[in-house]
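Student: model the following, please.
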Amino acid sequence: RLTYKGVENHANSKIALLKLSEDDRFCLSFSMGFVASVWQILVPIYLGAPLFIYPKNVLKNTLFLFDCIDNDKVSLISLIPNQLHAYCIVLEKRKKLPLEYLRRIILTGEKLEANVVRLFKQMYPNIQLINAYGQSECCDDTFHYLIPEIFDGDDVPIGSPIQNIAYVVLDGDGFRCHTGISGELLITGDCLANGYIDAEDENLSKFIFYNGVKYFKTGDLVRVIDGNLLFLGRIDNQFKVRGVRIEPEEIEHVIENYPGIEWCLVLSSKINTRAEAVLVCGYVAGQEVNINSLRQYMKSYLSEYKIPTLFYRLEKIPRLINGKIDRIAVTSRILKNIIDNEQYLLESEKKNKTKEVVKNEIVSFMGLASDVHDMSLVDMGVDSMSYIELVVYLEKEYDFEFDDDFLVYSRFSSIDELVDYVCGKIK
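Tutor: Numbers count the residues shown, from 1 in each chain. I've put the predicted structure just below:
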């Protein structure tokens, strides 16, 4: 339940922060079913400025959308970071649009990656990029960061709060976090909505009082760096592996900086018969990635326990209708891969264990060295009599019969070949 005070405060904050006027030209870039569309409608009305409304087929196609805003001389647009990234990729195969009237782009809805900023700035250095952060419960954007023309940071901050907004960052025990320490972001002020409709339990858990003031618990992990807030990820995305708390966004950031990888998701899952969960990564890449090289690369930036055990390549990034990443669908696909491979892993582990047992039996029975691998049975001193004794022993021990062709010890070039043969006969 949005409040007029919250919606009006947000619209006026946009006007003041970006110095908007009746000379600006706006477009409605989000469906009216999303809170981000509200200010896009109100601000032009407040200013008496033109607002361009495009059909759904244009909004769903980033190239069409940029063509339209270029033709209509739009000066400000709000996009999801993925849309901007898609436009930059398209420009690698298409002539760059002039966009001479576009002065500002607001990025909102999901985390903005630094590589997207640099990629766009290389093409359009004079267009201002603004990283915006907010939520429906706070009437949309509550923080803005005006990205400098030359940006060389590893992470893009979400900046500082808009007018009539305050915030606190609390640790897991409810105490304020010092600068540089991560914690949950709580927001208060004119932005607060009146809560969820017919969801009293959720209202009590999300809208809480801290030091006598009502706040909204965002569920987002942040920390303050140089006076700006840095978004780290969702608290409910955290998990523990081997008793250590893991922030998957930290791992994903490293993986996505590896050459060839476009996007990834790291999650925790139990696989095979292991008692403890392990880290699993699903990634999207234009070509095959050498996982061993990727692991070595990750060791330069992360502790060993933060390197995923399994990696799965996905065909594409599943997205919701609003363009945001469908994390649930991605998680389902990764877990399906785990289930599909689990039987193979179990059989492979069983096979390896059987091989080890059989080899130890043969080595012990023949009185051979335990480290023999490639030596032939002849070179190890095995003769016809000792080999036949071994055959009788193995047939009795494992309840099978040697094929006639394999009753001659010279049939095997090494003890490992003999082990493979026996394991293949065991039921």
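
Student: quick one: average confidence on the one helix or strand I41 maps to?
Tutor: Using DSSP states H and E, I41 sits in helix 36-47. Here helix 36-47 scores 95 as its mean pLDDT.

Student: tell me which strands and helices that helix is in contact with?
Tutor: Of the remaining helices and strands, those touching helix 36-47 by 3 or more CB pairs under 8 Å, 6 or more residues apart in numbering; DSSP states H and E are helix 4-18, strand 26-28, strand 51-53, strand 140-146. (Glycine included, C-beta is placed from N, CA and C.)

Student: now do 10 Å
Tutor: Taking 3 or more CB pairs under 10 Å, 6 or more residues apart in numbering; DSSP states H and E as the contact definition, the neighbouring helices and strands of helix 36-47 are helix 4-18, strand 26-28, strand 51-53, strand 76-79, strand 104-107, strand 128-135, strand 140-146.

Student: leaving out sequence neighbours, find the closest residue to D70.
Tutor: If the residues on either side of it in the chain are set aside, D70 comes closest to L97, at 4.8 Å by CB to CB, 6 or more residues apart in numbering.

Student: returning to that earlier point: so how far is the helix holding I41 off the chain centroid?
Tutor: The chain centroid and the centroid of helix 36-47 are separated by 32 Å, computed with CA atoms, centre = their mean, to the nearest Å.

Student: just the angle between it and strand 128-135, please?
Tutor: For helix 36-47 against strand 128-135, the angle by axes from the mean of the first three to the mean of the last three CA atoms, to 10 degrees is 120 degrees.

Student: tell me the buried residues in helix 36-47?
Tutor: For helix 36-47, the buried set under the neighbour-count rule, 16 or more other CB atoms under 10 Å, comprises 36-40, 42-44, 47.

Student: tell me the one of the residues you listed nearest I158?
Tutor: Each of those was checked against I158 using CB to CB; the closest is A36, at 15.1 Å.

Student: tell me where the model's unsure across the stretch 301-427 of the chain.
Tutor: Applying pLDDT under 70 to the stretch 301-427 of the chain picks out residues 322-323, 338-355, 363-386, 407, 409-410, 427.

Student: host element of the residue nearest to A36 when sequence neighbours are not counted?
Tutor: Spatial nearest neighbour of A36, chain neighbours left out: F30 (4.6 Å); criterion: CB to CB, 6+ apart. In this structure, F30 is located outside every helix and strand according to DSSP H and E.

Student: OK, contacts around F30?
Tutor: Residues in contact with F30, defined by CB atoms under 10 Å, 6 or more residues apart in numbering, are 36-40, 59, 78-80, 108-109, 322-323.

Student: for the lengthiest strand in the chain, name the packing helices and strands.
Tutor: Identified as the longest strand of the chain according to DSSP state E is strand 213-225. With contacts defined as 3+ CB pairs under 10 Å, 6+ apart, the packing partners of strand 213-225 are strand 128-135, strand 140-146, strand 165-170, strand 183-189, helix 200-206, strand 207-210, strand 228-234.

Student: is it possible to get a markdown table of these that adds mean pLDDT and distance to L63?
Tutor: Supplementary listing: the helices and strands packed on strand 213-225 in a markdown table, determined by pLDDT from 0 to 100; distance: least, CB to CB, whole Å:
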| stretch | mean pLDDT | distance to L63 |
| --- | --- | --- |
| strand 128-135 | 95 | 19 |
| strand 140-146 | 96 | 26 |
| strand 165-170 | 96 | 36 |
| strand 183-189 | 96 | 35 |
| helix 200-206 | 90 | 39 |
| strand 207-210 | 94 | 41 |
| strand 228-234 | 90 | 28 |
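
Student: may I see these arranged in CSV, with distance to G6 as well?
Tutor: Formatted as CSV, these follow (distance: least, CB to CB, whole Å):
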stretch, distance to G6
strand 128-135, 11
strand 140-146, 8
strand 165-170, 10
strand 183-189, 9
helix 200-206, 15
strand 207-210, 13
strand 228-234, 20
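
Student: in JSON lines: those, plus distance to E8 and mean neighbour count.
Tutor: Conversion of these to JSON lines gives the following (distance: least, CB to CB, whole Å; neighbours: other CB atoms under 10 Å):
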{"stretch": "strand 128-135", "distance to E8": "15", "mean neighbour count": "22"}
{"stretch": "strand 140-146", "distance to E8": "12", "mean neighbour count": "23"}
{"stretch": "strand 165-170", "distance to E8": "13", "mean neighbour count": "18"}
{"stretch": "strand 183-189", "distance to E8": "13", "mean neighbour count": "22"}
{"stretch": "helix 200-206", "distance to E8": "23", "mean neighbour count": "12"}
{"stretch": "strand 207-210", "distance to E8": "20", "mean neighbour count": "14"}
{"stretch": "strand 228-234", "distance to E8": "24", "mean neighbour count": "19"}
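
Student: residues in contact with T3?
Tutor: Taking CB under 10 Å, 6+ apart, we find T3 in contact with 9, 139, 190-194.

Student: for stretch 61-81, measure first residue to last.
Tutor: The distance separating the two terminal residues of stretch 61-81, taken as CA to CA, to the nearest Å, comes to 14 Å.

Student: name the residues of it that come out as buried.
Tutor: Residues of stretch 61-81 classed as buried under the neighbour-count rule (16+ other CB under 10 Å) are 62, 65-66, 68-69, 74-81.

Student: just stretch 259-266 next, same as before
Tutor: Neighbour-count burial for stretch 259-266 [16+ other CB under 10 Å]: 261, 263-266.

Student: one more: stretch 107-125?
Tutor: The neighbour-count check on stretch 107-125 (16+ other CB under 10 Å) flags 107-109, 111-114, 116-117, 119-121, 124 as buried.

Student: coming back round to it: and which of the buried residues of helix 36-47 is nearest to Q296?
Tutor: With CB to CB as the yardstick, the closest approach to Q296 among the buried residues of helix 36-47 comes from A36, at 41.3 Å.

Student: hmm, E110 and the closest one touching each other?
Tutor: No. Under the criterion of CB atoms under 10 Å, A36 makes no contact with E110, lying 11.6 Å away.

Student: tell me the contacts of the residue nearest to the spatial centre of the chain?
Tutor: Among the residues of the chain, L265 comes closest to the average C-alpha position under CA atoms, centre = their mean, at 2.9 Å. L265 is in contact with 237, 248, 251-252, 255, 280-284, 312, 314, 317, 325, 327, 330-331, 333-334, counting by CB under 10 Å, 6+ apart.

Student: let's see 7 Å
Tutor: When contacts are counted by CB atoms under 7 Å, 6 or more residues apart in numbering, L265 is found next to 252, 282, 327, 330.

Student: what do you get for Y167?
Tutor: Taking CB under 7 Å, 6+ apart as the criterion, Y167 is in contact with 161, 185-187.
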